[in-house]
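S.K.: Below are the sequence and a predicted model for it; my questions follow.
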Amino acid sequence: MNRNLHDDEPFGQFVKVWLASNSERRKVMLEPMFPTFHHAGIEGVDESPPSGSVDHQVLTICKRKAESVLDTNDFDIVIVSDTMISDPDDHSLSMGKPSDAVEAAMMLHRLSGRRHQVWSATGIYFMEKWNFFCEVAVVEFPSFKDEVLADLVQSNSWVGKAGGYDLHGAMGEHAQLVDGSESVVLGIAQSAMDLLEHLSLAL
């Protein structure tokens, strides 16, 4: 798709993009590149982790999401993504999204005062082909006092978030990104972000 851009036109505004995810963080990350993209998750995807390392688990689930995208005819680009956190004691075990406040509190307590790995796998469908990216970042938490832990849980920022926290939510004032890209922690592999930025400028 070729087009002529005026200086006041947002990049990517003529590209038909589907972010196949319900994540508000991923939505916010893509808005500067694709102001009018479609934002809706896919129903019925099996997100149970397979056996194997966490990078294998998160990439497998990402690919399952891609396989669930049955109709791409209306879009130039389709994006799927998945994020998992490695257990700080065993990097072969993953921590997904908490199902309730109790599980969120347990996850945050387990991560308190420690470093952990965050894995994001992202698939981009473009020119009738899927490309997949899987990257890791390292995040460190301070040791939480009971009242801080309670505030984090009561904020509900853990809802729908791997590991029970949102780096740009209530956890933002506590967590420190030690290694890797912030985009990985927020839910999109940085290499995928780089490709999407390139596509938003080129199309």
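M.R.: Looks like it arrived, so ask away.
S.K.: And the next helix or strand past the helix or strand encompassing residue 18?
M.R.: Using DSSP states H and E, residue 18 sits in strand 17-19. Heading C-terminal from strand 17-19, the first helix or strand you meet, by DSSP H and E, is helix 24-30.
S.K.: Just the C-alphas of that next one, formatted as CSV.
M.R.: Listed next in CSV are the C-alpha coordinates belonging to helix 24-30 (Å, rounded to 0.1, in the frame of the first residue of the first chain):
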residue,chain,number,x,y,z
GLU,A,24,-5.1,-1.8,27.2
ARG,A,25,-1.3,-1.5,27.6
ARG,A,26,-0.7,-3.0,24.2
LYS,A,27,-3.4,-0.7,22.7
VAL,A,28,-1.7,2.4,24.2
MET,A,29,1.7,1.3,22.8
LEU,A,30,0.4,1.0,19.2
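S.K.: Quick check: neighbours of the helix or strand following that helix in the sheet, parallel or antiparallel?
M.R.: The helix or strand immediately downstream of helix 24-30 is strand 38-39, counting by DSSP H and E. If you go by DSSP bridges, strand 38-39 pairs up with strand 17-19 (parallel).
S.K.: Which residues outside the partner strand are in contact with it?
M.R.: Defining contact as Cβ atoms under 8 Å, 6 or more residues apart in numbering, one finds that strand 17-19 is touched by 26-27, 30, 34, 37-40, 69, 72, 74-79. (C-beta placed from N, C-alpha, C; glycine too.)
S.K.: ok, these vs residue 117, which is closest?
M.R.: Residue 117 has its nearest neighbour among the contacts of strand 17-19 in residue 26, at 19.4 Å by Cβ to Cβ.
S.K.: The closest one against residue 187, yeah?
M.R.: Yes - applying Cβ atoms under 8 Å, one finds residue 26 in contact with residue 187, separated by 4.8 Å.
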